[in-house]
Each structure stands twice: as C-alpha cells, then as structure tokens.
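1. only geometry, no sequence info:
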C-alpha cells in the first residue's frame, strides 16, 4: 500500500484523540447551555406564578371597584329620589309656618301685659 492517503497508526490515533476532545468540548458546551436553559425555565415558572397571583389580586381589586361603583350609583339614585320627594319650602309653606309663630308671640306679649295697659 503505497498511496498518498495512507495514515499511520500514530496519526490515526491523534485524529481520533482530537475528535474525542472536540466531542467532549461540545458536550461540555451543551451541558452549559442546558444549565442556562434550566435557569430560564425556572425564572419563567416563577414569573408565571407571580403573574397568576397578580391576576388574582387584580380580580379582587376589580370586584371591589365594581361593588364601589354600584354603591356610588345607588347613593346617587337615593339622593336623586330624596331630592325629588322632599317637600319644597315655598312661600305658602313659609307663611303657613310663620303665622302661628307670630300669633304665639302676640298672645305671649298680651298675657305679659304689653298690650293690655292703656
């Protein structure tokens, strides 16, 4: 066998050794990448849990806001109904309430003698 492609045992051993070293380096790099991917997965899992908790809190806040809005709307309706149903103090009502007071004052003064002495 005499050809230009003949490889000696020593050269073949060096090639195989270099390939094994290359494969080991790739395996180490893949393990490093896998470790980083695992860290990213753990971070994503933690973020998902946090988002679930925050979503529940936001739902509670939204429910509270809805209850408050209903309370405010009911209070407005109650205020409008009370405003519409309360009696208005007009001039007639004022006069109707004033004349008994004036009459009481006149009678009191008369009994005390302010009008009886001439």
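-> Okay, I see it. Quick caveat, the model's predicted, so the values are computed rather than measured.
2. hey, which helix or strand in this structure has the poorest pLDDT?
-> helix 91-112 (a mean of 84; mean pLDDT, DSSP states H and E).
3. tally of neighbours for residue 31?
-> For residue 31, the neighbour count with other C-beta atoms under 10 Å is 10. From N, CA and C alone the C-beta is placed, and that goes for glycine too.
4. In three-state terms, label it for me.
-> helix (DSSP: H, G, I helix; E, B strand; the rest coil).
5. do residue 89 as well
-> Once three-state DSSP is applied, residue 89 turns out coil.
6. Tell me the spacing between it and residue 98.
-> From residue 89 across to residue 98, the span is 11 Å (C-beta to C-beta, to the nearest Å).
7. Next one: residue 18 from residue 33, what distance?
-> Taken as C-beta to C-beta, the span from residue 18 to residue 33 is 22 Å.
8. Same question for residue 84.
-> In terms of C-beta to C-beta, residue 84 sits 74 Å off from residue 33.
9. neighbour-wise, which of those two wins?
-> Using other C-beta under 10 Å, the more surrounded residue of residue 84 and residue 33 is residue 33, with 10 against 7.
10. what sits against the more buried one?
-> Listed by C-beta atoms under 8 Å, 6 or more residues apart in numbering, the contact set of residue 33 is empty.
11. distance of it from residue 26?
-> With C-beta to C-beta as the criterion, residue 33 and residue 26 are 10 Å apart.
12. Quick one: the helices in the protein, in order.
-> With helices called from DSSP state H, the chain shows them at 9-85, 91-112.
13. Those helices: lowest mean pLDDT?
-> Here those differ in mean pLDDT, and the lowest is helix 91-112 at a mean of 84.
14. Only the buried residues of it, if you could.
-> Neighbour counts over helix 91-112 (16 or more other C-beta atoms under 10 Å) mark no residue as buried.
15. Quick check on residue 7: phi, psi?
-> Dihedral angles of residue 7 (phi, psi; degrees, to the nearest 10) stand at phi -120, psi 130.
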